[in-house]
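A.B. asks: next input, structure requested:
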Amino acid sequence: MKRNTLPNPHSRAEVLRARRKYTEQVVFAVIFTVVELWAIVAVVVLLDDNGVLAVAVSIVLSASLMALWDTWRTLLMFGRALRAWLPEALPAADEKADEKKEPERPPTSLLRL
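C.D. replies: Residues are numbered from 1 along each chain as shown. Sure thing, here's the model as predicted:
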């Protein structure tokens, strides 16, 4: 597994990259949620079967709902950690000052694997 670190809050480029990546993840999660909910409704409405197939479909549908729940839980947890970690205002665009002196990062309780 690749370990992703949180961005340096004093680097403008890293802050912008982290915010853009989080926004992309939210957009993909919304699209994924809409498609999954549409598929669940379609299967429930169109399935006219009893027995083993109905049990299998219910298991698959419950797994898809758990995947949706896990996606949003992870996304919201990362969003909270990102908002707590990054500054409200963007740092100055002067990247040369950041290269000379690396400021100390605040401690975080987020562990990303």
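A.B. asks: going forward, measure contacts between C-alpha atoms and count neighbours the same way
C.D. replies: OK.
A.B. asks: all strands of the chain, in order?
C.D. replies: According to DSSP state E, the chain carries no segments that qualify as strands.
A.B. asks: return the helix or strand in it with minimum mean pLDDT.
C.D. replies: In the chain, no helix or strand scores lower on mean pLDDT, DSSP states H and E than helix 95-100, which sits at a mean of 51.
A.B. asks: give me the low-pLDDT residue ranges for this protein?
C.D. replies: For the chain, applying pLDDT under 70 flags the ranges 1-7, 9-10, 85-113.
A.B. asks: what ranges do the helices span in it?
C.D. replies: Per DSSP state H, the chain carries helices over the ranges 12-46, 52-85, 95-100.
A.B. asks: need the ones you listed in TSV (columns: mean neighbour count).
C.D. replies: As requested, those are exported to TSV (neighbours: other C-alpha atoms under 10 Å):
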stretch	mean neighbour count
helix 12-46	14
helix 52-85	14
helix 95-100	11
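A.B. asks: what about residue 63, distance to residue 49?
C.D. replies: To residue 49, residue 63 is 20 Å away according to C-alpha to C-alpha, to the nearest Å.
A.B. asks: could you do residue 27 as well?
C.D. replies: Taking C-alpha to C-alpha as the measure, residue 27 falls 35 Å from residue 49.
A.B. asks: let me know whether residue 75 touches residue 26 as I believe.
C.D. replies: Yes - here residue 75 lies in contact with residue 26, judged by C-alpha atoms under 8 Å, at a distance of 7.3 Å.
A.B. asks: separation between residue 14 and residue 20?
C.D. replies: 10 Å.
A.B. asks: again with residue 74
C.D. replies: Using C-alpha to C-alpha, residue 74 is found at 17 Å from residue 20.
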